[in-house]
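Structure, please.
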Amino acid sequence: MKRYRLDPLIYKTKSDSQKFGGHWFRGKNCNFIPSKKHFKDNNFFDKYILEGFKPNKPFITKKQNILAFGSCFATEISSYLANKNYSIFNKKYSTDAHIIRYGEGMANTFTVLEQLLWAFENKNIEKNTWYYSPEEQERTDQDIRMQTLNLLNQIDVFIVTVGLSEVWYNKKNNQVFWKAIPANQFEENKHGFRLSSVEENSKNLDSIYSVIKKHRPDASIIFTLSPIPLMATFRPQSCITANSVSKSILRVSLDNIISKYKKNEDIYYFPSYEITKDYFADPFMDDNRHIKKECILKIMKVFEDNYCC
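Reported below is the predicted structural model:
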């Protein structure tokens, strides 16, 4: 059989020229990894990170009420938007709602979904799992629920940041703890630890989207993956490798939900994780967890330029 030599594929931009093998069919959606020279391009974020996720046009206005909650990165989002005079519901908002007071401590998808179902649909909550700090169990009474419901019914834009797929849970009913189990409450036959799956998190994210749209049909939802790594893992492996697994599970789950509803114009993904991981050479402080202020400002400037009017 006669073989034909195909010319290499030359990928040219204003800042660089890259050569790739021309033997393979690449389809109509072939997007190449940027070279280091491309990082200086004015359209770097649009072309190499936001491609496929950028809204058709910015849609968040300063008249809309915004709530960011989930992982601790939600605090950075809230602070930035508040400083830019957006109507962000943060800890300055007078309420006892846990989703405001402790919203940055609800980093797994189980807890986020539980808060929404409890507030919107009065889901029965098993006591002894709502701990923000080891000293005190948080209230589950109707007064707090109604304050949470009143808050949620005012929100136009929900920004949900997820960060953990490792969870502590009650073995008897599978209810997941907000964070971990207080040492003085731990019972080996009752409490356990596990790594939640892509299937579980995909289902939770789908339900989060659905319950918000059921009760706030005109609201928009932005999902993002927290770039802040694990402080520690409870799996028998290094924290660095466990963090890669934990973030990968959540990132695949987010991709599942965004792909499922890609035709809808009320659900978005903001790649804060990818910007942190792949754009900055050294984004973290000395603790190797918290992001440097200048990096946060850059991440949020990308968000503001593309999602905010």
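
Check which helices and strands whichever strand or helix holds Lys47 sits against.
Using DSSP states H and E, Lys47 sits in helix 44-48. Helix 44-48 sits against helix 293-307, with contacts defined as 3 or more Cβ pairs under 8 Å, 6 or more residues apart in numbering; DSSP states H and E. Backbone N, C-alpha and C define where each C-beta goes, glycine included.

Report the buried residues of the helix it packs on.
295-296, 298-300, 302-304, 306-307 (16 or more other Cβ atoms under 10 Å).

Break the chain into its domains for me.
1-41, 53-307 (automatic domain parsing).

Measure how far the last one is from the centre of its chain, please.
Averaging C-alpha coordinates over domain 53-307 and over its chain gives two centres that are 6 Å apart (Cα atoms, centre = their mean, to the nearest Å).

What mean pLDDT does that domain get?
Mean pLDDT, domain 53-307: 91.

Endpoints of that domain, how far apart?
10 Å (Cα to Cα, to the nearest Å).

List the single closest residue to Asn306 in space, sequence neighbours excluded.
With Cβ to Cβ, 6 or more residues apart in numbering as the criterion, Asn306 has its nearest non-adjacent residue at 5.5 Å, and that residue is Lys54.

do Ile240 as well
Nearest non-adjacent residue to Ile240 (Cβ to Cβ, 6+ apart): Pro229, at 8.0 Å.

That neighbour is in contact with Asp287, isn't it?
No - applying Cβ atoms under 8 Å as the test, Pro229 and Asp287 come out as separate, 10.1 Å apart.

Just want to know which of the two has more residues nearby.
In terms of neighbours (other Cβ atoms under 10 Å), Pro229 is the more surrounded of Pro229 and Asp287; the figures are 20 against 7.

All the strands of the stretch 51-200 of the chain, in order from the start?
65-70, 87-88, 131-133, 136-137, 157-162, 166-170, 191-195 (DSSP state E, counting those that start in this stretch).

and the ones you listed, which is most packed in?
strand 157-162 (a mean of 26; mean count of other Cβ atoms under 10 Å).

what about the residue lying closest to Ser71 once chain neighbours are set aside, neighbour count?
Nearest residue to Ser71 in three dimensions, chain neighbours excluded: Gly163, at 3.2 Å (Cβ to Cβ, 6+ apart). Number of residues near Gly163 (other Cβ under 10 Å) recorded here: 25.

I'd like to know how far Gly163 sits from Glu126.
Separation of Gly163 from Glu126 (Cβ to Cβ, to the nearest Å) stands at 23 Å.

just the strands in the stretch 201-309 of the chain please.
Going by DSSP E, counting those that start in this stretch, the stretch 201-309 of the chain shows strands at 220-225, 267-270.

Need the pLDDT of Pro8.
71.

From His38, how far out is it?
19 Å.

more crowded one of those two?
His38 (18 against 11).

Distance check, that one against Asp16.
Using Cβ to Cβ, which is the criterion applied here, His38 is 6 Å from Asp16.

and among the strands of the stretch 201-309 of the chain, the most buried is which?
strand 220-225 (a mean of 24).

In its sheet, which strands sit next to that one, and in what direction?
Within its sheet, strand 220-225 is paired with strand 157-162 (parallel), strand 267-270 (parallel), according to DSSP bridges.

Quick one: closest of those to Gln237.
strand 157-162 (21.4 Å; Cβ to Cβ).
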